[in-house]
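# sequence and predicted structure below; questions after.
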Amino acid sequence: MILKAIVRDYTSNGVPVGSKALASQLPMHVSSATVRNEMAALEELGLINKTHSSSGRVPSVKGYRYYVDYLVQPDPVKSNDIDVIKSSLDGQFLKIDEIIELSANILSNLTSYTAFTVKPELKESRLSGFRLVPLGKRQVMAVLVTDNGDVETQTFGVPQGVEGEQLEAVVRLINDQVIGQPLATVLELLQTSIPLQIAHYLQSPDGFLKIFGDVLTKAAQERFFVGGRLNLLNYSDNADVEELKSLYTLLDRSDDMADVLGQTGDAIQVQIGSEITNKILRDYSLITATYSVGGHGKGVIALLGPTRMPYSRMIGLVGAFRQELAKRLMDYYRNFDE
């Protein structure tokens, strides 16, 4: 009870907790001397630390870990927070990416921490269409569509000597060969049989193949969004400019951050300090949760904040947010499927 009270008090106020303050918070009447004795026992166990500037105690990383594993109870989410989530997601979206990107900003605004959202990953996402749209002045837009509703585009210039009929023949060839195939298979064919076949229509197919490959790779890769990057400065005690640069560089590397977020199960996970795989984040805590949109795959949401975050509120909020996001995405896919 004392450890739980210390964690909740310190994460709310940021002030080391003394025995008198604790005695008044406990559900039974005990003296300050009894509380001090118990605090000394917790300190010996390494669950709390005494600060050098006061007689109050603060939780250690080990104390936070024990609290999260055995004592935490997610706070009920406030109705106005639910209203904010629902109203923010209740818009017209042309792409799934727009919903996922907005979600990172919503979660960041609600918590004042840095939020991450990863798009649902559908392992067997397939190519359902590829076309070229003339834009004039020898400019063409490549449009690629997958079976889960993703649309990727890229504009490029048509080299001199390449006529529209040649490009149309190439598009027909690609669609005949790869429509309905998983994106991973299409990428493999792009490295093997497709170049040889396109060479019958284009004297120098390398430029076209690069454009098609770029659009295809973009469609196949994981979508990763960050909200509230600057919020890190609000609770970072690190004044080392180089370390802060490294931290912000990490946030922009989707592959590295995907490794940090990892594969999470249905339960909400909390990583504290050195438990996070990247040492740059050793002074932070990371809350991650998976959300599911049925046959359209699973995605991840996450919060990065100080170890002194109010875990009860944040865990409750992340749990509610993933439910509302999953509902919104299911609605989107239902409309798309119809």
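Perfect, thanks for sending it. Numbering: from 1, shown residues only.
# list the contacts for G161?
Q203 (CB atoms under 8 Å, 6 or more residues apart in numbering). Backbone N, C-alpha and C define where each C-beta goes, glycine included.
# give me phi/psi at it?
phi 90, psi -10 (degrees, to the nearest 10).
# so is the residue nearest to L190 when sequence neighbours are not counted in a helix, a strand, or just coil?
Using CB to CB, 6 or more residues apart in numbering and skipping residues adjacent in sequence, the residue nearest L190 is G213, 5.5 Å away. Taking DSSP: H, G, I helix; E, B strand; the rest coil as the rule, one finds G213 in the helix state.
# what are the boundaries of the helices in the stretch 51-200 of the chain?
61-66, 79-89, 96-111, 164-178, 183-191, 193-198 (DSSP state H, counting those that start in this stretch).
# can you list the weak-confidence ranges in the stretch 1-150 of the chain?
52-54, 122-124, 148 (pLDDT under 70).
# which parts of it are strands?
48-50, 57-59, 114-121, 127-136, 139-146 (DSSP state E, counting those that start in this stretch).
# please apply the same query to the stretch 151-300 of the chain.
Using DSSP E, counting those that start in this stretch, strands in the stretch 151-300 of the chain cover 151-157, 224-227, 269-272, 284-292, 298-306.
# next, the buried residues of the next helix or strand after the last one.
Taking DSSP states H and E as the definition, the helix or strand that follows strand 298-306 towards the C-terminus is helix 311-337. Residues of helix 311-337 classed as buried by neighbour count (16 or more other CB atoms under 10 Å): 311-318, 320-322, 324-326, 328-329, 332-333.
# check stretch 55-69 too.
G56, R57, V58, P59, S60, V61, G63, Y64, R65, Y66, Y67, V68.
# hmm, who's touching it?
Against stretch 55-69 from outside (CB under 8 Å, 6+ apart): 3-4, 6-7, 10, 15-19, 21, 39, 42-43, 45-51, 270, 272-275, 285, 307, 311.
# thinking again about what came up before, with distance to Q73 as added columns, please give the helices of the stretch 51-200 of the chain in JSON lines.
Listed next are the helices of the stretch 51-200 of the chain as JSON lines, based on distance: least, CB to CB, whole Å:
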{"stretch": "helix 61-66", "distance to Q73": "14"}
{"stretch": "helix 79-89", "distance to Q73": "17"}
{"stretch": "helix 96-111", "distance to Q73": "18"}
{"stretch": "helix 164-178", "distance to Q73": "52"}
{"stretch": "helix 183-191", "distance to Q73": "43"}
{"stretch": "helix 193-198", "distance to Q73": "56"}
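# E165 - how many residues pack around it?
Counted by other CB atoms under 10 Å, the residues lying close to E165 total 9.
# an error on my part: the question was meant for Q154.
If we define neighbours as other CB under 10 Å, then Q154 has 14 of them.
# so it bridges to which residues?
A142 (DSSP bridges).
# tell me how far it lies from F212.
9 Å (CB to CB, to the nearest Å).
# check L45 too.
Here L45 is placed at a distance of 61 Å from F212 (CB to CB).
# swap in L244?
40 Å.
# if we can go back for a sec, quick one, which of the contacts of stretch 55-69 are buried?
Counted by 16+ other CB under 10 Å, those give 3-4, 6-7, 10, 16-19, 21, 39, 42, 47-49, 270, 272-273, 285, 307, 311 as buried.
# okay if I get the strands of the stretch 151-300 of the chain as TSV plus distance to A199 and mean pLDDT?
Shown next, in TSV, are these (distance: least, CB to CB, whole Å; pLDDT from 0 to 100):
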stretch	distance to A199	mean pLDDT
strand 151-157	19	83
strand 224-227	36	90
strand 269-272	50	94
strand 284-292	44	94
strand 298-306	40	93
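# that's all I had, so thanks and see you.
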